[in-house]
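S.K.: Would you be able to build a 3D model of this:
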Amino acid sequence: MKKWYDKKIRESDKKHIREFLKQFNIRLHHKKISCGGEADYCNGIVIINSRGMSMHKYLSMAMHELWHCLCYRQGLYSNYHYDKYPKTKKQIIKFRRIAFKAEKFVDKKAEQMMRDYFPDIPYEHGYKDSKDKEWYYKHYLDKYYPLT
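M.R.: Numbers count the residues shown, from 1 in each chain. As a prediction, this is how the structure comes out:
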């Protein structure tokens, strides 16, 4: 039997999560994007493609993207959470070197926060093993920040 948080997210749940993010001065938008979620951390916006998503997946993604915004504000992994795109080869190499570490850090912090605020809902990691790292490099870094 499915647990309550494995069921498709309801509009009322989205509203509660939007209110939660407002505590951190973060706005939540829903938009059809190629990935599940992204953060416009310079402007404090979390964007989620929630189509058919379960409650725990949606909340995990919101927490993950929230932590990207918090890292930007606190200057954590500043070569990754930037307000200017890396342009030179040296900047791109530096960016790529820390990218997966930054994603793992954000995942860890999001999991801790979710445990504190939503202890009954398990966190779903976005980046946990070498397969995720391969996917990340192939579908994100190589696409948007190629070395050539």
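S.K.: okay, CA-based contacts and neighbour counts for the rest of this
M.R.: Will do.
S.K.: where's residue 85 relative to residue 145, distance?
M.R.: Residue 85 sits 9 Å away from residue 145, going by C-alpha to C-alpha, to the nearest Å.
S.K.: Next: residue 45.
M.R.: Taking C-alpha to C-alpha, one finds residue 45 at 22 Å from residue 145.
S.K.: can you check residue 23 too?
M.R.: Residue 23 is 33 Å from residue 145, by C-alpha to C-alpha.
S.K.: Show me which of residue 85 and residue 145 is the more surrounded one.
M.R.: Set residue 85 next to residue 145 and count neighbours by other C-alpha atoms under 10 Å: residue 145 wins out with 18 against 13.
S.K.: The more buried one - nearest residue in space that isn't next to it in sequence?
M.R.: Nearest residue to residue 145, sequence neighbours excluded (C-alpha to C-alpha, 6 or more residues apart in numbering): residue 92, at 6.5 Å.
S.K.: Likewise for residue 125?
M.R.: That would be residue 107: by C-alpha to C-alpha, 6+ apart, it lies 6.3 Å from residue 125.
S.K.: quick one, phi/psi of that neighbour?
M.R.: The phi/psi pair for residue 107 (degrees, to the nearest 10) reads phi -60, psi -40.
S.K.: dump the residue contacts of it.
M.R.: 64, 125, 126, 127 (C-alpha atoms under 8 Å, 6 or more residues apart in numbering).
S.K.: Name the member of these with the most neighbours.
M.R.: Highest neighbour count within the contacts of residue 107, by other C-alpha under 10 Å: residue 64, with 31 neighbours.
S.K.: Show me what the helix or strand encompassing that one is packed up against.
M.R.: In this structure, residue 64 sits in helix 55-74 according to DSSP states H and E. On a contact count with 3 or more C-alpha pairs under 8 Å, 6 or more residues apart in numbering; DSSP states H and E, helix 55-74 meets helix 11-22, strand 37-40, strand 45-48, helix 89-117.
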